[in-house]
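Chemist: based on what follows, work out the 3D shape:
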Amino acid sequence: MSNLFWLSDEQMARLRPFFPKSHGKPKVDDRRVLSGIVFINRNGLRWSDAPQEYGPPKTLYNRWKRWRDMGAFARMMEGLASEAADRKTVMIDATYLKAHRTASSLRFEKGGRGRLIGRTKGGMNTKVHAVTDANGRPIKFFMTAGQVSDYTGAAALLSNLPEAEWLLADRGYDADWYREALRDKGIKPCIPGRKSRGKPVKYDKRRYTRRNRIEIIFGKLKDRRRVATRYDRCPKVFLSAVALAATVIFWL
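Modeler: Predicted coordinates:
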């Protein structure tokens, strides 16, 4: 029992407003099932390997599947973040996550965007783009194939950036169009210029030293085995695992 994960009463109280409404017969114990789902995602296990203390593996899987399809895990993270995030300064960055061979089919799903897995020098990868608050806690995620540039993620997340005074990013986000878009939103960019720029870009070097906090969150997320290695073929399933891990690590 000592190695098992259990949500506390306080954690359950904070999560409960984001649970989907129950219809029909009453659900089984929420604490037990959600704790089991977190345990499986943390350790990268198959559902059939779930410890018996969490109940039938089929129950865990069915709850995981139903709630992820409803977007419940993303709502949990975004809802808790909206209540507690320090948004005066936000940060943006991206990281590569290795795709396991069971997930790395490049065939497109009918009517979908494909697996969002691409080939890079390091093999088959997915790239997760994140926006965090001033303390390095994630607010938004966006996922692309591994070979997609940081610009694509930055453009996709631009409309969802919270109201903030500053945005910190590394020189991979140094583009005139991005700086202008941030200023149009009333956000001051703190982004060093690329070395290839003819004219150096001025930025607040002291403020920029705080950007390492977003690197730290990627390291903590990758401690979760199901995040560090992508086993899921469906992008929505994998992003739900990332959101759940972020919720437990940073917002509970």
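Chemist: residue 92 belongs to a strand, doesn't it?
Modeler: Yes: according to DSSP: H, G, I helix; E, B strand; the rest coil, residue 92 belongs to a strand.
Chemist: hey, what's it bridged with?
Modeler: On the basis of DSSP bridges, residue 92 is bridged to residue 131.
Chemist: that one reaches residue 130, doesn't it?
Modeler: Yes: between residue 92 and residue 130 there is a contact under CB atoms under 8 Å: 7.1 Å. Yep, even glycine has a C-beta here, placed from its N, CA and C like the rest.
Chemist: burial of residue 191, as a residue count?
Modeler: Residues near residue 191, counting by other CB atoms under 10 Å, number 23.
Chemist: any idea how far it is from residue 132?
Modeler: Note on residue 191: its distance to residue 132, by CB to CB, to the nearest Å, is 15 Å.
Chemist: do residue 162 as well
Modeler: 11 Å.
Chemist: what about these two, which has more around it?
Modeler: Comparing residue 162 with residue 132 by other CB under 10 Å, the one with more neighbours is residue 132, at 27 against 15.
Chemist: that's a strand at residue 119, yeah?
Modeler: Yes: counting by three-state DSSP, residue 119 is found in a strand.
Chemist: what's the closest non-adjacent residue to it?
Modeler: Excluding the flanking residues, the one nearest residue 119 by CB to CB, 6 or more residues apart in numbering is residue 147, at 6.5 Å.
Chemist: check the secondary structure at that neighbour for me.
Modeler: coil.
Chemist: which of the residues in the helix or strand of the chain with the lowest mean pLDDT are classified as buried?
Modeler: Least confident helix or strand of the chain, by mean pLDDT, DSSP states H and E, is strand 118-120 with a mean of 83. Within strand 118-120, the residues scored as buried using 16 or more other CB atoms under 10 Å are residue 118.
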